[in-house]
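Asks: can't give you the sequence, but here's the structure:
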């Protein structure tokens, strides 16, 4: 796990050499162990290393036999199998990066289809004067790029692009989307002109012209297929064991849910000594309907003889602001704070996580709601809205009421529109009243529905699975997981997104995967019964308690009429009503309020500071 930054431009060495070194320093948290640089007339590369494999010799940038130069962030887990296909004596190190470079030299970008790993890489060919950028199949590792005059710039994190001179300006469409969904899909970011390289994509830059192509896309689900729990279990065990390759100790992030518990129980004995789980103080839990999950994490750890470290999360304003700085994009998910806290406490450089199980195996309740809501007539909408008004606004009954209203609001809508409604935290009729003059009237609406309708084949449920894997996973969950862990110089690996598990899922109809029934069957006999019998809980954080306690002064300052008026993104009176209703217990919109707070904190950290 590492970080890199680069520039390709006429005379890049003389124009950008010093700036690339300064930008690489901004990535030192991603690679505290060493740094390296490459310069030639038109290309400059900077690299920061977190040493995981071949600690002594795996330094980058790495030069290949043909003179090409590689920087690679991440791990190629099947590098030994790839190395076996290379000519004897070709390799000088035991590094997966050297194997990736040698394989790319032989096969070109076609080699990417054979890589099993999480990676973002850049390869400069000085003879052909071409640059290749590539990102792993599912976008586990981040990679951004932008134009800076006649220069093409790229980096593992946005802060490095800003250090090169890219202007920090807001993308209004993305700000609107963040307010509605807490995250933004597609290649665009909240920074105008700064793009993500999409997952499974290779970009070639030649003579200043960039051309992108998908080298991998999730296959359409078959119409029929046999559910084989044994095959799924074997796939999970295989990828867990493959992702243990490391020359440093490996730890585990353990929530007590099905996914991370499955990983814990699939570990060969003695390979992982410690697991880490989050523990919220009782005073925070008292304000929310968040459950204490530590009991289940203990069960999973005991089942495998792993020491469990319970990490108390003492929330503070500084923790919140640090998460905003680390994630770089205004993602309104408190899980980012949890990721940083766990990574900070971990003694191991490498950590395994259960991320990805819900997207690949249909764990989110919205998959079930999508199917049920197709049978709900439009006339049911007012009945469910009435139920919400009659139920209490707080607590578990309040959650049921809100879910019933959201379920009713999707009645009678086409499939893609229903999926969008279940993802949103702001109803379409509320959106126009919330937006301020800087956003109102210049927006095309959220891109989610368009992306859901862009599908090569397959039915509605298949399209929803594809959207969650290709958009929600890399642009939300994997984004905060990578940035949050790397803020503490830790590498997080995700075995449930390994190639073997991914290909096992692709062979099954979406309906067979929905609800994680098959994954639960595969874990039977491995995972303690109490964990298997649990209903899905998902990650929860006591956000309501934070807003009423440590974040209250920041909330009063950042979402004050004066602050909102100066920014112009949101209507001060609409936000005031939102805050008053939440304070009085008349609504339950704390995640929307949290996202508005994140957006203002992000703007102050990145936009105002640059100005």
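Replies: Received the coordinates, thanks. Predicted model only: the values in this text are computed from it and were never measured.
Asks: Next up, the contacts around the spatially most central residue of the chain.
Replies: If you average the C-alpha coordinates of the chain and look for the closest C-alpha using C-alpha atoms, centre = their mean, you land on residue 478, 1.9 Å from that point. Listed by C-beta atoms under 8 Å, 6 or more residues apart in numbering, the contact set of residue 478 reads 138, 139, 140, 355, 356, 494. For the C-beta atoms, the positions are set from N, CA and C on the backbone; glycine is no exception.
Asks: The last one and residue 501: what is the separation?
Replies: Which is residue 494. Taking C-beta to C-beta, to the nearest Å as the measure, residue 494 and residue 501 are separated by 10 Å.
Asks: re the thing from before, just the buried ones out of the contacts of residue 478, please.
Replies: By the neighbour-count criterion of 16 or more other C-beta atoms under 10 Å, the contacts of residue 478 include these buried positions: 138, 139, 140, 355, 356, 494.
Asks: Need the residues that contact stretch 59-67.
Replies: Judged by C-beta under 8 Å, 6+ apart, the contacts made with stretch 59-67 from elsewhere in the structure are 2, 4, 34, 36-38, 45, 47, 49, 69-72, 90, 95, 97-98, 101-102, 104-105, 125-127.
Asks: try 7 Å this time
Replies: Judged by C-beta atoms under 7 Å, 6 or more residues apart in numbering, the contacts made with stretch 59-67 from elsewhere in the structure are 2, 34, 36, 38, 45, 47, 49, 69-72, 90, 97-98, 101-102, 105, 126-127.
Asks: Now list the buried members of the residues you listed.
Replies: 2, 36, 38, 45, 47, 49, 69-72, 97-98, 101-102, 105, 126.
Asks: per-residue confidence for the residue nearest to the centre of the chain?
Replies: Looking at residue 478, its pLDDT is 98.
Asks: coming back round to it: pick the one among the buried ones among the contacts of residue 478 closest to residue 186.
Replies: In terms of C-beta to C-beta, no member of the buried ones among the contacts of residue 478 lies closer to residue 186 than residue 139, at 11.5 Å.
Asks: Tell me, what's the model's pLDDT at that closest one?
Replies: The predicted local confidence for residue 139 comes out at a pLDDT of 98.
Asks: I'd like the domain boundaries of the chain, if you could list them.
Replies: Listed domain ranges for the chain are 2-214, 229-362+462-532 (source: automatic domain parsing).
Asks: Now distance to residue 454 too, for these, in TSV please.
Replies: Rendered in TSV, the data for these read as follows (distance: least, C-beta to C-beta, whole Å):
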stretch	distance to residue 454
domain 2-214	10
domain 229-362+462-532	9
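Asks: can you map out the helices along the stretch 501-611 of the chain?
Replies: Using DSSP state H, counting those that start in this stretch, the helices of the stretch 501-611 of the chain run over 510-513, 517-523, 529-532, 543-548, 552-558, 561-567, 572-583, 590-602, 609-610.
Asks: same for the fifth one, what does it pack against?
Replies: Other helices and strands packing on helix 552-558, by 3 or more C-beta pairs under 7 Å, 6 or more residues apart in numbering; DSSP states H and E, are helix 590-602.
Asks: rerun that using 6 Å as the cut-off
Replies: Applying 3 or more C-beta pairs under 6 Å, 6 or more residues apart in numbering; DSSP states H and E, we find helix 552-558 packed against no helix or strand.
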